[in-house]
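Student: below is the structure, and that's it, no one-letter string:
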């Protein structure tokens, strides 16, 4: 499975995160092709420190020429948003170049609230944490791209089918 090592690492290190974006749409049962994994991580310092140690330990490196632990610095993240128009921080794995992980610099919705509505998907000996359908709809609405509009329609149809997931 694509990103299996990452999901196992997130689970093992008890990192608070949510899969969002196209992979989350796909995991909710709506087929969607994508080249990257979008993740919303709890930006609390200890959680982020565990996340960075885990991701670097798996061989991932920042796409841009920055030190991995620079991500912990809220002032640097603000500077990247303001001067480089960055929304996400991208991690690449040089040994598996098809794996690209985008982590929000600032979570566009309240993380704690979204985390309380998460979907836990058990796989093998680990669990993948996915944003709820309503939270995905809100994230897609905020992004506002053409593909997001299509995803919103499909996610709303999923809700209208009486899906009992939150």
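Tutor: Everything's here; your move. Nothing here was measured: the structure is a model prediction, and the numbers come from that model.
Student: separation between residue 40 and residue 76?
Tutor: 19 Å (Cβ to Cβ, to the nearest Å). Placement of C-beta: from N, CA and C, glycine included.
Student: same question, residue 35
Tutor: According to Cβ to Cβ, residue 35 stands 26 Å off from residue 76.
Student: which of those two has more neighbours?
Tutor: A direct count of neighbours by other Cβ atoms under 10 Å for residue 35 and residue 76 places residue 76 higher, at 14 against 8.
Student: look up how far residue 79 lies from the closest residue to that one other than its chain neighbours.
Tutor: Spatially, and ignoring its direct neighbours in sequence, residue 76 is nearest to residue 70 (5.2 Å; Cβ to Cβ, 6 or more residues apart in numbering). Taking Cβ to Cβ as the measure, residue 70 falls 10 Å from residue 79.
Student: which other helices and strands contact the helix or strand hosting residue 38?
Tutor: Counting by DSSP states H and E, the element that carries residue 38 is strand 37-41. On a contact count with 3 or more Cβ pairs under 8 Å, 6 or more residues apart in numbering; DSSP states H and E, strand 37-41 meets strand 17-20, helix 21-27, helix 45-57, strand 100-104, helix 111-116.
Student: pull the longest helix from this structure.
Tutor: helix 146-160 (DSSP state H).
Student: what's in contact with that helix?
Tutor: Residues from elsewhere that reach helix 146-160, judged by Cβ atoms under 8 Å, 6 or more residues apart in numbering: 22, 25, 28, 29, 30, 32, 133, 134, 136, 137, 140, 141.
Student: just give the number of residues close to the residue nearest to residue 76.
Tutor: 14.
Student: then residue 109?
Tutor: Neighbour count for residue 109, taken as other Cβ under 10 Å: 16.
Student: OK, contacts around the residue nearest the centre of the chain?
Tutor: When Cα atoms, centre = their mean is applied to the chain, the residue found nearest the centroid is residue 39 (0.8 Å). Counting by Cβ under 8 Å, 6+ apart, residue 39 touches 17, 18, 19, 20, 101, 102, 103, 104.
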